[in-house]
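Trainee: Structure for this input, please:
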Amino acid sequence: MFKRAKYELSLIRKAFFMYKRGFRYLWYRFIVAPKIQDVEVLGRVADREDLSMHILCGARDFVMCLWSLGSFYTYMPEVGKLYVHDDGSLTEKQKRIYKRQFPGVEIVSNSIDTSELLNAYPDLLTFRKEFKGFQARKLFDPLTVSNAPWLLILDSDILWFQEPTEIVE
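Mentor: Have a look, this model is predicted:
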């Protein structure tokens, strides 16, 4: 709790003193941004069987992740099955919001280390057990939960403002 408050205060301080937009930051951060949680449906059912989309998210990045996925679904003409990889901090309420807003989403829990999925990849299983704090999980975990020939790994801090033609082509 203290760590989270310290992080928020550092962002507010930076908004006021470095960027000189403190009140604007407070307005958007605490009033405008959370309203996306009230939207009924942001995504749509997958229309491509050969594509799976993966995003790693935690409680701290939850609202930002919703904005990222919402903008992605707005501009992407075809989408695959969505997998949200929980870093272990998502609450049950946040998981329910994902399931409501993105039909067909699968939330992959943080306990993938002990699942049967990694037994097919003994080197990866050994690596994950030895380096528990490894941060590039979003690069390896999609390979263990999806057998689609095309994997798209998304980041939770990217907003989309036009169709990603490079990805579509």
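
Trainee: which helix is the longest one in the protein?
Mentor: The single longest helix within the chain, with elements called by DSSP state H, is helix 62-75.

Trainee: I figured R48 hits G80, correct?
Mentor: Yes - assessed by CB atoms under 8 Å, R48 is found in contact with G80 at 4.8 Å. For glycine as for every other residue, the C-beta is placed from the backbone atoms N, C-alpha and C.

Trainee: any residues in contact with both of these two?
Mentor: Common contact partners of R48 and G80 (CB atoms under 8 Å, 6 or more residues apart in numbering): W150.

Trainee: ok, these two, which is more surrounded?
Mentor: Between R48 and G80, counted using other CB atoms under 10 Å, the more crowded position is G80 (21 against 14).

Trainee: got the residue ranges for the strands in the protein?
Mentor: Ranges of strands in the chain, per DSSP state E, are 51-57, 81-86, 106-108, 150-154.

Trainee: So which of those strands is nearest K95?
Mentor: For K95, the closest of the strands of the chain is strand 106-108, at 5.5 Å, according to CB to CB.

Trainee: For that closest one, enumerate the helices and strands it packs against.
Mentor: Using 3 or more CB pairs under 8 Å, 6 or more residues apart in numbering; DSSP states H and E, the elements in contact with strand 106-108 are strand 81-86, helix 92-101, helix 137-145.

Trainee: roughly how far apart are the nearest residue to Q37 once chain neighbours are set aside and L56?
Mentor: Counting by CB to CB, 6 or more residues apart in numbering, the nearest residue to Q37 once its immediate chain neighbours are dropped is I97, at 5.7 Å. I97 sits 17 Å away from L56, going by CB to CB, to the nearest Å.
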